[in-house]
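Undergrad: Predicted model and sequence follow; I will ask about them next.
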Amino acid sequence: MADPKYAALFLAESREHLRTCNQLLLDWERTPGASEPVNGLFRAIHNIKGMAATLGYGPVADLAHRAENVLDTIRGGRTTITPDLIQLLFRSVDALEKAVEGAAAGKGEPSARLLAALDRAGAGGSGREQTGADGSSREPTGVGGESPAPVRSRPLPSAPAPAARPPARPPGHLVGVTIRSGTPMRGARALLALRRVEAFGKVTALRPPATAFEREDFDGRFSFHLRTDTAPAEIEAAIRAAGEVEAVAFDANVAVETEGPVVAARQIRVDLSRLDAMMKLVGELVVARNRLLDLARGDDTELQEVAGSVSRLVGGLQTQVVAARMTPVSEVFDRFPRLVRDLARDLGKQIRFEMEGGAIELDRSILDELGDPLLHLIRNAADHGLESADDRQATGKAAEGRILLSAVRERRTVAIRVSDDGRGIDRAAVLARAKRDGLADAAVETLTDDVLLRVLSRPGFSTARQVSGISGRGVGVEVALARARVMGGSLEVQTEQGRGTTFTLRVPLTLAIVRALLAQAGEERYAVPLAYVAETVEFDPRAVTALRSREALVVRERVIPTVHLRDLVAAKGNGLPARRPTIILEVGERRTALVVDALLGQQDIVIEPFDAPRGLPSYLGGATILADGAPALILDAAALV
């Protein structure tokens, strides 16, 4: 079994190459005559093969080798590009992904049928799998119709065996290698290259020493003497098979490293669990800092200075740890072009999928939660939202439907939208179904966007005429809304019949430590995340009006419905104070005026995870520890507006 350090590098690098493969295949499918996608695919799969062979992952290397053969025949013009061939390569990338994920555990053996199809295509044959009389895929048959023995993976050697050596002492080469700039874990990549080279002969005079490979300032350049009869071209091929090798030089062309390596841009891969542990420790420091600042409010000048210094240091550490966890949303977005492509094939629809705002960054903990809700919303858009090509053309639309996945920064939150230009949601049909199921009052005549979302997110609610393998069981919107609440965010829907639907998922930038406004109701204190606070005003009874039989407040000529926190939480304590501050909460286009007894200032709070008991009101989104050590509940703004 490979060293865990190398196995982790293999997984990380292979996942990146596989993402590249999927994107290149999508580009190639749109423009079959282009040569760039083919060359890019060949390089990516070749890198996977080289790493897998080096680490002894035979099934992965064998599968990659067969796919590489197919691409080589395409590059050489010996195979005709057909939709079946491209689909075969899509399936090969899927199989490679499974094999890579299961490599360390010895799992992920590809199917014999796939390997046979690759062999036929690699020999210049068709990329179509053989099928039975009923049209179903079947294994290729042997003589007399008998099934042949299953094709077994043939593991590739980790490096070519050294040439047979004559009795005379073999000559020695001075070899210089440069790992490509920006490659993560350059030292591990250099060690992989050395491991392949050692199969040819004895390696000596390594500069810099192998211990330097583990330093952060290792720039990826190293040199060594290799005593071997093997030709330089064969040595170079083995080194480049380690992947991410920019240059290989021999003898007079090598600049020997005599000094320490030049400091380059420092980048390392860090296990996410370590960042999680650091964030928890920083959270504890924030709580302790808040407590220290609270204690330093007296007359002790020296204590105040120390508290101020500690506060600045903790604030700086907090900023750096949060920054280290920020990740572009493209890491999640890039999963979906391939998904939509497959959905379009399954549904028989023409779909153009576009993405915007992939460079927007979110905390890794938020990013990890986005996959499921976006998956459900995109599947619903493809299945329910977009019409068939014939139906679209009958209404004057283009045959190709459009789904847009976008991200945009909005103050302290990020809005992620899934939009389609399909049929839109039939509010009348939803209302009729909701009344029939007892989810809406018989007197309701129309559904606003807010009420529509509440109905759509009811467990099991669906307007689909039949359940498909893609959607129709009424769980998509429910899952998306539930996950949004877990992240401290919100979900909104806007739809126009015949024009399309947009679901907007709003999430905070980070989940662990947030800035909050502290409010009081009766004897209790509550925290309101500042991400959803538009402004604060005084409650003026003269500005009170009504909006749909509900109390509202007129603020700058805008009518905003009110929520009295004291009444909402059944607060205990003395009567109403003379002055009542009001927090204007804003989630997207919606606003609510939250009337409280007092405002107690702002504070960085650590959101403490807890198991919510059954029946906990939806407007409570978590808990925290305040500066004086007392607990406080966090209000969920999205549930109040």
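TA: On my side now, so go ahead.
Undergrad: mind listing the helices for the stretch 51-200 of the chain?
TA: Under the criterion DSSP state H, counting those that start in this stretch, helices of the stretch 51-200 of the chain are mapped to 58-75, 83-101, 112-122, 186-197.
Undergrad: Distance from stretch 109-129 to the middle of the chain?
TA: Here stretch 109-129 is found 32 Å from its chain centre; the criterion is C-alpha atoms, centre = their mean, to the nearest Å.
Undergrad: CA atoms only: put that stretch into CSV for me.
TA: What follows is stretch 109-129, C-alpha atoms only, in CSV (Å, rounded to 0.1, in the frame of the first residue of the first chain):
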residue,chain,number,x,y,z
GLU,A,109,-12.2,-2.4,-10.5
PRO,A,110,-13.6,-1.2,-13.9
SER,A,111,-16.1,-3.4,-15.7
ALA,A,112,-14.9,-5.9,-18.3
ARG,A,113,-17.4,-4.5,-20.8
LEU,A,114,-16.0,-1.0,-20.5
LEU,A,115,-12.4,-2.2,-20.9
ALA,A,116,-13.3,-4.2,-24.0
ALA,A,117,-15.0,-1.2,-25.5
LEU,A,118,-11.9,0.9,-24.9
ASP,A,119,-9.7,-1.8,-26.5
ARG,A,120,-11.9,-1.9,-29.6
ALA,A,121,-11.9,1.9,-29.9
GLY,A,122,-8.2,2.0,-29.2
ALA,A,123,-7.7,-0.4,-32.1
GLY,A,124,-9.6,1.9,-34.4
GLY,A,125,-13.0,0.2,-34.0
SER,A,126,-16.3,1.6,-32.9
GLY,A,127,-16.9,3.2,-29.5
ARG,A,128,-20.3,1.6,-29.3
GLU,A,129,-20.8,-1.2,-26.8
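Undergrad: Nearest to Q602 among the helices of the stretch 51-200 of the chain would be which one?
TA: Of all the helices of the stretch 51-200 of the chain, helix 186-197 sits nearest to Q602, with 43.6 Å by C-beta to C-beta. Any C-beta I mention is one placed from the backbone N, CA and C, and that applies to glycine too.
Undergrad: Who are the packing partners of the closest one?
TA: helix 4-30, helix 36-55, strand 172-179, strand 202-207, strand 221-227, helix 232-240 (3 or more C-beta pairs under 8 Å, 6 or more residues apart in numbering; DSSP states H and E).
Undergrad: Among the ones you listed, pick out the one with the most neighbours on average.
TA: Mean neighbour count, computed with mean count of other C-beta atoms under 10 Å, is highest for helix 36-55 among the helices and strands packed on helix 186-197, reaching a mean of 22.
Undergrad: so it versus helix 83-101, what angle?
TA: If you take axes from the mean of the first three to the mean of the last three C-alpha atoms, to 10 degrees, helix 36-55 sits at 30 degrees to helix 83-101.
Undergrad: And the average pLDDT for helix 36-55 is what?
TA: The average of the pLDDT scores along helix 36-55 is 86.
Undergrad: between it and helix 186-197, how many degrees?
TA: Going by the same axes, to 10 degrees, helix 36-55 makes 70 degrees with helix 186-197.
Undergrad: re the thing from before, what's the closest of the helices and strands packed on helix 186-197 to L640?
TA: That would be, of the helices and strands packed on helix 186-197 and by C-beta to C-beta, helix 4-30, which comes in at 39.4 Å.
Undergrad: hang on, the earlier thing: of the helices and strands packed on helix 186-197, which is nearest T501?
TA: helix 4-30 (24.3 Å).
Undergrad: picking that back up, okay if I get the helices of the stretch 51-200 of the chain as JSON lines plus mean pLDDT?
TA: What follows is those, written out as JSON lines (pLDDT from 0 to 100):
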{"stretch": "helix 58-75", "mean pLDDT": "89"}
{"stretch": "helix 83-101", "mean pLDDT": "91"}
{"stretch": "helix 112-122", "mean pLDDT": "88"}
{"stretch": "helix 186-197", "mean pLDDT": "84"}
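Undergrad: Tabulate those in TSV, adding columns for distance to L9 and mean neighbour count.
TA: Output for these, formatted as TSV (distance: least, C-beta to C-beta, whole Å; neighbours: other C-beta atoms under 10 Å):
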stretch	distance to L9	mean neighbour count
helix 58-75	14	23
helix 83-101	12	20
helix 112-122	26	21
helix 186-197	5	22
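Undergrad: Now those helices in CSV, please, with extra columns for distance to F218.
TA: Shown next, in CSV, are the helices of the stretch 51-200 of the chain (distance: least, C-beta to C-beta, whole Å):
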stretch, distance to F218
helix 58-75, 27
helix 83-101, 26
helix 112-122, 38
helix 186-197, 5
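Undergrad: what's near enough to touch V408?
TA: Contact analysis of V408 by C-beta atoms under 8 Å, 6 or more residues apart in numbering lists 357, 360, 414-415, 417.
Undergrad: let me redo that: Y6
TA: Counted by C-beta under 8 Å, 6+ apart, Y6 has contacts 55, 188, 191-192.
Undergrad: what's the closest of the residues you listed to I560?
TA: Nearest to I560 among the contacts of Y6, with distances taken as C-beta to C-beta, is A188, at 57.1 Å.
Undergrad: Wait, that closest one touches L9, no?
TA: Yes. The criterion here is C-beta atoms under 8 Å, and A188 meets it with L9 at 4.8 Å.
Undergrad: related to what we said a few turns ago, which two of the contacts of V408 have the greatest separation?
TA: In terms of C-beta to C-beta, those reach their longest pairwise distance at I360 and R417, which sit 11.9 Å apart.
Undergrad: Which neighbours do the two have in common?
TA: What both I360 and R417 touch, as defined by C-beta under 8 Å, 6+ apart, is the set 407-408.
Undergrad: Quick check: end-to-end length of stretch 195-213?
TA: The straight-line separation of the ends of stretch 195-213 (C-alpha to C-alpha, to the nearest Å) is 14 Å.
Undergrad: now stretch 365-378: how far from the chain's centre is it?
TA: 8 Å.
Undergrad: and the nearest residue to I605 once chain neighbours are set aside, what is it in contact with?
TA: Leaving aside its sequence neighbours, I605 sits nearest to T624 (C-beta to C-beta, 6 or more residues apart in numbering; 4.1 Å). T624 makes contacts with 516, 527, 605-608, 631-632, 634, as judged by C-beta under 8 Å, 6+ apart.
Undergrad: swap in A123?
TA: So A123 contacts T73 (C-beta under 8 Å, 6+ apart).
Undergrad: just to revisit the earlier point, ok, which of the helices and strands packed on helix 186-197 comes nearest G385?
TA: Going by C-beta to C-beta, the one of these nearest G385 is helix 4-30, 20.8 Å.
Undergrad: what's the angle between the helix or strand bottoming out on mean pLDDT in the chain and strand 172-179?
TA: Every helix and strand of the chain was ranked by mean pLDDT, DSSP states H and E. The lowest is strand 202-207, at a mean of 80. On the basis of the same axes, to 10 degrees, strand 202-207 is oriented at 60 degrees to strand 172-179.
Undergrad: now for strand 202-207, which elements pack on it?
TA: On a contact count with 3+ C-beta pairs under 8 Å, 6+ apart, strand 202-207 meets helix 186-197, strand 221-227.
Undergrad: mind running it again at 7 Å?
TA: With contacts defined as 3 or more C-beta pairs under 7 Å, 6 or more residues apart in numbering; DSSP states H and E, strand 202-207 has these neighbours: strand 221-227.
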